[in-house]
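Chemist: Quick one: sequence plus predicted model below, questions after.
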Amino acid sequence: MKQNDNRFLEQEEAFIDGIDVSGRWNRMLLDRVIKDFSIENKEKVTAVPGAESFGWCYQCAQCVTVCPVDHVGDYGPRKLVRWVETGMDLFNDPNLYLCTTCGNCYRVCPKAVDMMKIMPAVREEALLEGFVPEELEKALENSSRYGNPLGEPARKRVDWIKTLEEGVGVPIIKSVGREVDWMWFVGDYPAYHPRGQDAARAMARVFNKLGIDFAILGVEEQSDGDSQRLAGEKGLFEQLAEKNMAAFDKYEFKEIVVTGPHALNAIRNEYPKMEGGKEYPVRHYTQLLVDYIDKMEFTREIPIRVTFHDPCYLGRHNGEYEAPRKLLKAIPGIELVEMGRCKENGYCCGGGGGGMWTDSYSIDFMKERLSDRRVKEAVGTGSKILAVSCPYEVSRFEDGVKATNNEGMLIVRDIIELIDYAMGGDSPNPVF
Ligand code: SF4
Ligand code: SF4
């Protein structure tokens, strides 16, 4: 190779070990053509209050490998930023509704790019402009009109109690007339969805057997509103939250216990931030029951391998990984095994951030649903039961079991159904 003072500039003639690389070996130092792009679209995003961190990304790509949507498609904050820089209008693009706000990207992002703030903020603007998937719009309308996304009448919120066997009491706080230890915030899916009601009934049996002093709000309860907020409907969230807080304030209780992680997130983290909002002591049901393990009298075994799916809003968003696992391990017979992606790196079921109401819309932009992917991971552990602790997940994963032809291989059960069965309750035998 020719040696001279300009060795790092492209040479007319260059040889390495006798191979002619003239004009090729250091071309990177020449002027290069940079692809044109405009910062206009990006500035439109970062100008929205709450979405500022979209501008902090420095393209390191750590987020892409952990994004559950990228595993079934093409996604992640790094890609969104780049696409916006090169022309995508996020305010009017289907990618706006694919993020489930699972929080895994935020966990690894060195620049604190926060999709949990960016997505709701941009979606709020898009909603005002009328860009919203039809099925999501319906869920939001239902929430506004009926106080729940399923569009069920408020008076039916307590119908599930009627199907409980005699002797299992579910007191409505209005008729209790005294302070109770626990205000049980039941939630929409446990109150209305058939599979959610199974879990609600199991919870009532277990609370009764353990002598827990509780009551529910009954027809005064509204949707917790958190998923509506993350889907971009902040005003609706505030409306629902105000009604729930007004109901809480009418009665006396020591603490709130919730069935769902989204209610936990709303009441613990979001209600106090509102104007006129308040802090309420609140726990997820697994966090309450873990204190009662020694009092649980198990009369049945569940001799089977079980794996547990961490809900994003119980785990990553609220830091609880152990209570559900301790409960599962306490049930006689259960062998608990972990999926590769668990705890801090748990894989999203696809239901968060409004994803519960965009399944038909999102599937056009993904190879498969996140819940289907997760079911395959659960089957891969050799488990027969996929245990869950979020009311969104039972129906999502049961659909996933069917969609992936795993019927007869895996069943889905809320942890409370397993506890109830093991304590001799009416929840069906999960062993097959
Ligand atoms: S991890 Fe953060 S900084 Fe890195 S590419 Fe993703 S969003 Fe950008
Ligand atoms: S919040 Fe979850 S789904 Fe959304 S971009 Fe981040 S990792 Fe992907």
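Modeler: Noted; the coordinates are in hand. Numbering: from 1, shown residues only. Ligands and ions are numbered 1, 2, ... in the order given.
Chemist: can you pull the contacts of the residue in the stretch 301-432 of the chain that ligand 1 sits nearest to?
Modeler: For the stretch 301-432 of the chain and ligand 1, the shortest gap (C-beta to the nearest ligand atom) falls at Asn345, measuring 14.4 Å. (C-beta placed from N, C-alpha, C; glycine too.) Going by C-beta atoms under 8 Å, 6 or more residues apart in numbering, Asn345 touches Val66, Asn104, Arg107.
Chemist: Buried subset of those residues as a ChimeraX selection?
Modeler: Buried members of the contacts of Asn345, defined by 16 or more other C-beta atoms under 10 Å, are picked up in ChimeraX with:
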select :66,104
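Chemist: can you tell me which of the contacts of Asn345 lies nearest to ligand 1?
Modeler: The closest of those, once distances to ligand 1 are taken by C-beta to the nearest ligand atom, is Val66, at 8.8 Å.
Chemist: Look at Arg7 and report its pLDDT.
Modeler: Arg7 is assigned 46 on the pLDDT scale.
Chemist: can you check Leu336 too?
Modeler: pLDDT, Leu336: 98.
Chemist: show me the contacts for it.
Modeler: Val306, Thr307, Phe308, Arg325, Leu328, Lys329.
Chemist: ditto for Phe298
Modeler: Ala330, Ile331, Pro332, Ala422, Met423.
Chemist: Helices - which of those residues land there?
Modeler: Ala330, Ala422 (DSSP state H).
Chemist: Derive a ChimeraX selection command for the buried subset of the contacts of Phe298.
Modeler: Here is the ChimeraX command that picks out the buried ones among the contacts of Phe298, judged by 16+ other C-beta under 10 Å:
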select :330,331,422,423
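Chemist: Surely Ala126 is in contact with Ala231?
Modeler: No: counting by C-beta atoms under 8 Å, Ala126 stays clear of Ala231, with 10.4 Å between them.
Chemist: Just the terminal-to-terminal distance for stretch 99-117.
Modeler: Taking C-alpha to C-alpha, to the nearest Å as the measure, stretch 99-117 stretches 12 Å from start to finish.
Chemist: quick check, it touching ligand 2?
Modeler: Yes: remark: stretch 99-117 sits within contact range of ligand 2 at Cys99, Thr100, Thr101, Cys102, Gly103, Asn104, Cys105, Met115, by C-beta under 6 Å from any ligand atom.
Chemist: which residue ranges form the strands in the stretch 1-150 of the chain?
Modeler: 15-16, 19-20 (DSSP state E, counting those that start in this stretch).
Chemist: Would you tell me which of these gets closest to ligand 1?
Modeler: Closest among the strands of the stretch 1-150 of the chain, using C-beta to the nearest ligand atom: strand 15-16, at 35.5 Å.
Chemist: Write out the residues of this structure neighbouring ligand 1.
Modeler: Counting by C-beta under 6 Å from any ligand atom, the chain sits next to ligand 1 at 57-63, 77-78, 108-111, 113.
Chemist: Try it again at 5 Å.
Modeler: Residues of the chain lying close to ligand 1 (C-beta under 5 Å from any ligand atom) are Cys57, Cys60, Ala61, Gln62, Cys63, Pro77, Arg78, Cys109, Lys111, Val113.
Chemist: just to revisit the earlier point, any chance of the contacts of Asn345 in CSV, plus pLDDT and distance to Lys243?
Modeler: Listed next are the contacts of Asn345 as CSV, based on pLDDT from 0 to 100; distance: C-beta to C-beta, whole Å:
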residue, pLDDT, distance to Lys243
Val66, 97, 36
Asn104, 98, 32
Arg107, 97, 33
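Chemist: and which of the contacts of Asn345 is nearest to Val206?
Modeler: Comparing these against Val206 with C-beta to C-beta picks out Asn104 as the nearest, at 31.6 Å.
Chemist: so who does the closest one touch?
Modeler: Contacts of Asn104 by C-beta under 8 Å, 6+ apart are Cys63, Val66, Cys67, Pro68, Cys312, Arg316, Asn345, Gly346, Cys348.
Chemist: List just the nearest of those residues to ligand 2.
Modeler: Cys67 (3.3 Å).
Chemist: got a list of what that closest one touches?
Modeler: Tyr75, Gly76, Pro77, Asn104, Cys105.
Chemist: which two in those residues are spaced the farthest apart?
Modeler: Tyr75 and Asn104, at 11.6 Å, using C-beta to C-beta across the contacts of Cys67.
Chemist: What distance do you get for the residue lying closest to Asp114 once chain neighbours are set aside to Ala231?
Modeler: Leaving aside its sequence neighbours, Asp114 sits nearest to Ser53 (C-beta to C-beta, 6 or more residues apart in numbering; 4.8 Å). In this structure, Ser53 and Ala231 are 19 Å apart, going by C-beta to C-beta, to the nearest Å.
Chemist: same check, this time on Glu129
Modeler: Counting by C-beta to C-beta, the gap from Glu129 to Ala231 is 15 Å.
Chemist: Neighbour count for these two, which is higher?
Modeler: Ala231 (32 against 9; other C-beta atoms under 10 Å).
Chemist: My guess is Val84 contacts Thr46. True?
Modeler: No: taking contacts as C-beta under 8 Å, Val84 lies outside contact range of Thr46: 9.7 Å.
Chemist: Now the common contact residues for these two.
Modeler: Phe54.
Chemist: tell me the pLDDT at Pro153?
Modeler: pLDDT, read off for Pro153, is 97.
Chemist: looking at it, it is touching Tyr146, isn't it?
Modeler: Yes: using C-beta under 8 Å, Pro153 is in contact with Tyr146, at 6.3 Å.
Chemist: okay, these two: which has more neighbours?
Modeler: Taking other C-beta under 10 Å, Pro153 and Tyr146 do not tie; Tyr146 has more neighbours (19 against 13).
Chemist: Pull the contacting residues for the more buried one.
Modeler: Per C-beta under 8 Å, 6+ apart, neighbours of Tyr146: Glu152, Pro153, Ala154.
Chemist: try 10 Å
Modeler: Going by C-beta atoms under 10 Å, 6 or more residues apart in numbering, Tyr146 touches Glu152, Pro153, Ala154, Lys156, Arg157, Asp188, Tyr192, Gln222, Ser223.
Chemist: re the thing from before, distance to ligand 2 added to the contacts of Asn104, as JSON lines?
Modeler: Compiled in JSON lines, those are given as follows (distance: C-beta to the nearest ligand atom, whole Å):
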{"residue": "Cys63", "distance to ligand 2": "6"}
{"residue": "Val66", "distance to ligand 2": "6"}
{"residue": "Cys67", "distance to ligand 2": "3"}
{"residue": "Pro68", "distance to ligand 2": "6"}
{"residue": "Cys312", "distance to ligand 2": "8"}
{"residue": "Arg316", "distance to ligand 2": "9"}
{"residue": "Asn345", "distance to ligand 2": "11"}
{"residue": "Gly346", "distance to ligand 2": "11"}
{"residue": "Cys348", "distance to ligand 2": "6"}
